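*Asks:* Next come a sequence and a model predicted from it.
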Amino acid sequence: MNTSKINKKILLLFILLQVTFNSNLTYASEYLKKIESTIKIPEEIIFNSKDDPLILKFNNNSPFKGYIINFWATWCVPCRKELPDLNYLKLKLKRYNITVYTISIDKRKTKEQLKFLKENGALNLDHYFDKKMNLFQALKLRGVPSTILVNQKGIVISKYEGILKWSDDEIISEIKNLFY
């Protein structure tokens, strides 16, 4: 085969890879849209990392301007991929008074899940557990990972179902825009 044909094939392969790569890009403004309808976080019992029951409470006196709440499970491969990004996101948003929570819908013991979280780069996040999926179902979420953005009043202002590159600067900027 001559050099010209090889170069053409390499160029064609490069173009196909570019098209494939670009079609898979996720743009924050495309996915993190403000919800027009009012969805209030329901008062459902979940559990903290010590297995103590609690209800997430939101109010204007909170030190946080907003909350990013990610629903996940240990058996969910995309969830595992998101954990380090969510950890990074919390660090990046701290100065804007926006925090990140994870809520597991997994049935495993809490200790096992905490070990899993530690092993998968989610050390700095606040972890909660919804083993009966009451909160998950009350929010009418369809699968994991699912992430909601909640303001100080407990109103869901944005929702994304699926994996997202939370450490991406464009996504971080869009989150700040939604809260400010």
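*Replies:* Received the coordinates, thanks. Residues are numbered from 1 along each chain as shown.
*Asks:* Give the buried residues for the helix or strand that contains residue 46.
*Replies:* Element membership for residue 46, per DSSP states H and E: strand 45-47. Residues of strand 45-47 classed as buried: 46-47 (neighbour count, 16 or more other CB atoms under 10 Å). Bear in mind the C-beta positions are built from the backbone N, C-alpha and C, glycine included.
*Asks:* which is the next helix or strand following that strand?
*Replies:* strand 53-55.
*Asks:* any idea of the mean pLDDT in that next one?
*Replies:* Mean pLDDT, computed over strand 53-55, is 96.
*Asks:* Relative to the whole chain's centre, how far out is it?
*Replies:* The chain centre lies 21 Å from the centre of strand 53-55; the measure is CA atoms, centre = their mean, to the nearest Å.
*Asks:* contacts for stretch 108-127?
*Replies:* For stretch 108-127, contacts defined as CB atoms under 8 Å, 6 or more residues apart in numbering pick out 47-49, 51, 74, 80, 83-84, 86-87, 90-91, 99-104, 106, 129.
*Asks:* Just the endpoints, please. Distance across it?
*Replies:* Stretch 108-127 has an end-to-end distance of 14 Å (CA to CA, to the nearest Å).
*Asks:* Show me what the strand holding residue 46 is packed up against.
*Replies:* Here strand 45-47 touches strand 53-55, strand 126-129, helix 134-138, going by 3 or more CB pairs under 8 Å, 6 or more residues apart in numbering; DSSP states H and E.
*Asks:* how does it look with 6 Å?
*Replies:* Helices and strands in packing contact with strand 45-47 are listed as strand 53-55; criterion 3 or more CB pairs under 6 Å, 6 or more residues apart in numbering; DSSP states H and E.
*Asks:* who does the strand it packs on pair up with?
*Replies:* strand 45-47 (antiparallel) (DSSP bridges).
*Asks:* Okay, helices next: where are they in the protein?
*Replies:* Counting by DSSP state H, one finds helices in the chain at the ranges 3-23, 28-31, 77-93, 110-119, 134-138, 169-179.
*Asks:* Please work out the average pLDDT along stretch 79-88.
*Replies:* Computed over stretch 79-88, the average pLDDT equals 97.
*Asks:* Which positions in it come out as buried?
*Replies:* Those would be 79-80, 82-83, 85-88, for stretch 79-88 by 16+ other CB under 10 Å.
*Asks:* still on that earlier bit, and the strand holding residue 46, how far out from the chain's middle?
*Replies:* On CA atoms, centre = their mean, the centre of strand 45-47 falls 19 Å from that of its chain.
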